[in-house]
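> Could you look at this predicted model? Sequence included:
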Amino acid sequence: MSTKKFLIFVIAIFLIFPATNVYGHGLGIDTISSINVEGKSISISVEIPMYFAKVDSQQITITATDDESNQTAKNITFLIGLFHQNEMILRNYFFADNGILVIKVKPTTEGEVEIHGEQDSLLGAWHGTELNPIEITGPIFNSGGLYNFEIEVRTIDEPTNIIEDSSVYYADLSIVETTEYLQEDSLGNEVKFRLKSYFDKISNLEYNPENKIVSFEMPFDWSEKQVSHIPVIHEEVHFPKDFAEFLYPSYTGKVNGIDLFKASVTIDDYTEDDERIVHFVLLQDHLKYIKNQMKKSDEPLPDKMIFTLLASDKPGFPLTAYTKSEDFQVDLSWDPLEIQPGVKTNFIFTIRDGATGEPIRNSDYTFVIIQNGNEIHRATGTAQVGGDFKQYKFGEEQTGPTIIRFENIRNTGQETEFGFVVAPEFGSITMLILIISVIGVIFVTRRNSFALKTNF
């Protein structure tokens, strides 16, 4: 494909994950960053399997790290409360002399939740060894959805150094849950829909064949405390690829009646052979925007999200990210559509005037690729006609959440970011394109439209 064709190549859709998280908020690991404990800055990560019942080694791992030394903290006693669907599963003290708490879990369908191990005489904290770890048995992690951890640090440095009036910190993690629904098409035939949630339980799927709409619900707390803790929410709608009456070139979405940005709803025809998957991916800024829109009415905020997926016969278009000041906008696409390790990828972009949308000639920039918080590629350049492209070949080990950042646009220090991911649920090769990152981006409210412009 020629450079000119690169610059008019139309693609759309990316997924942003925080660089410090392996799978993003709620998936696999959540990190409580830089808390003050006895004058020390420490970070606490909580990790559980995403598919808890489908892994050989089932365990909870909680790690406390000293931010200054980057070493694990010593002689940590945690007070841990675990909650699911607003019900407490357990609340106990646990001790980790090396800062790493490993708890083996054996779910059962009946009985009570029980902890097995040894307890100290000071706080009654459970502790274990590599040969004899702490173990929890009982009806725990038997269902998917959101699990909430409340964590206090009660000792540090010395086992007897008890911290009074310790603060409570929160980590939220999800176990992926898949549910199935049979719905009737326009001819009365049954069609199987599947919902996969990477946040909380989803329910009440309905398909309206006349209006070509799928809707479903998920419980959600719209409080500022909760919303400010969530970088991303990810939900999937699966349906057969031969379900012709709902197989459209694109879809639009709503949450609680509020229109979503195009970037929030994306199509995946690569992961499953027989199913189309439509992804809802909502960033924290999207959640805040939806909340602000809902507050304009006199109605109290709901305790859930109602997702609506509407079929559209309009083709997809390139998406746009703005710098925080809105002085500049950047359009980004890439070729080939499937980003594979070992294959060169052409990243095509245009730098435009944020007010007019016109390409800006002779625009200097720095093109940066970041994975897991580490910079893996950096290149500078000048978009002489406003548009340019860069090539990069990912190595076999370079999979997972990835950020593309445009830094120092036109030597102003302004920047914006896009992201994509090789996520575990999508396999190790295909780079599924999901959603645009708008970190630090001001949404285009002054244009009085949700539409993302296509100026090619």
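Structure's in. What do you need? Numbering: from 1, shown residues only.
> Give me the contacts around stretch 383-392.
By C-beta atoms under 8 Å, 6 or more residues apart in numbering, the residues outside stretch 383-392 that reach it are 3, 6-7, 344-352, 358-363, 365, 367, 369, 377, 379, 381-382. Where C-beta positions appear, they are placed from N, C-alpha and C, glycine not excepted.
> wait, stretch 194-201
In contact with stretch 194-201 (C-beta under 8 Å, 6+ apart) are residues 26-27, 50, 85, 143-146, 174, 176-181, 202, 205, 216, 218-220, 233-239, 275.
> Strands - which of those residues land there?
Secondary structure from DSSP state E places 26-27, 145-146, 174, 177-181, 205, 216, 218-219, 233-239, 275 of the contacts of stretch 194-201 in strands.
> Is it possible to mark the buried ones in those?
Buried members of the ones in strands among the contacts of stretch 194-201, scored by 16 or more other C-beta atoms under 10 Å, are 26-27, 145-146, 174, 177, 181, 205, 216, 218-219, 233-239, 275.
> Am I right that Asp285 sits in a strand?
No - per DSSP: H, G, I helix; E, B strand; the rest coil, Asp285 lies outside any strand segment and is helix.
> And it, how close does it get to Tyr248?
Applying C-beta to C-beta, to the nearest Å, the value for Asp285 to Tyr248 is 27 Å.
> How about Ser197?
23 Å.
> gap between the two ends of stretch 107-117?
16 Å (C-alpha to C-alpha, to the nearest Å).
> can you list the residues that contact that stretch?
If you take C-beta under 8 Å, 6+ apart as the criterion, stretch 107-117 is touched by 52-53, 58, 89-90, 92, 126-128, 132-142.
> Make a PyMOL selection of the buried ones in the residues you listed.
Those of these that count as buried under 16+ other C-beta under 10 Å are selected in PyMOL with:
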select buried, resi 52+58+89+92+126+127+128+134+135+136+137+138+140+141
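> Among the contacts of stretch 107-117, which ones are in strands?
Counting by DSSP E, the part of those found in strands is 89-90, 92, 126-127, 134-138.
> Give me the below-cutoff pLDDT ranges for this structure.
1-28, 52-57, 270, 314-320, 337-339, 400-401, 419-456 (pLDDT under 70).
> before we move on, the earlier item: between the ones in strands among the contacts of stretch 107-117, which is nearest Val102?
For these, the residue nearest Val102 by C-beta to C-beta is Ile134; the value is 7.2 Å.
> Would you agree Asn346 is in contact with Ser333?
No - look at Asn346 against Ser333 with C-beta atoms under 8 Å: they stay out of range, at 9.1 Å.
> So the two - more neighbours on which side?
Neighbour count, other C-beta atoms under 10 Å: between Asn346 and Ser333, Ser333 has more, with 25 against 18.
> from what I can see the more buried one touches Thr350, true?
No - using C-beta under 8 Å, Ser333 makes no contact with Thr350, being 9.2 Å away.
> hmm, back to that, reformat the ones in strands among the contacts of stretch 107-117 as JSON lines; add distance to Gln119.
Formatted as JSON lines, these follow (distance: C-beta to C-beta, whole Å):
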{"residue": "Ile89", "distance to Gln119": "19"}
{"residue": "Leu90", "distance to Gln119": "14"}
{"residue": "Asn92", "distance to Gln119": "9"}
{"residue": "Trp126", "distance to Gln119": "6"}
{"residue": "His127", "distance to Gln119": "7"}
{"residue": "Ile134", "distance to Gln119": "10"}
{"residue": "Glu135", "distance to Gln119": "13"}
{"residue": "Ile136", "distance to Gln119": "14"}
{"residue": "Thr137", "distance to Gln119": "16"}
{"residue": "Gly138", "distance to Gln119": "18"}
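> Looking at these, spot the one nearest Pro159.
When the ones in strands among the contacts of stretch 107-117 are compared against Pro159 (criterion: C-beta to C-beta), the nearest one is His127, at 9.6 Å.
> Excluding chain neighbours, what is closest to the closest one?
Closest residue to His127 apart from its sequence neighbours, by C-beta to C-beta, 6 or more residues apart in numbering: Phe95 at 4.1 Å.
> thinking the one you found is in contact with Leu79, fair?
No - in this structure, Phe95 is not within contact of Leu79 by C-beta under 8 Å, at 10.7 Å.
> which of those two has more neighbours?
Phe95 (24 against 18).
> Give me the residues contacting the strand or helix carrying the more buried one.
Assigned by DSSP states H and E, Phe95 belongs to strand 87-96. Residues outside strand 87-96 that contact it (C-beta under 8 Å, 6+ apart) are 62, 64, 75-83, 101, 103, 113, 115, 120, 123-127, 134, 136, 140, 150, 154-155, 159.
> filter those residues to the buried ones?
62, 64, 75-83, 101, 103, 113, 123, 125-127, 134, 136, 140, 154-155, 159.
> Since that was my last question, I'll sign off now.
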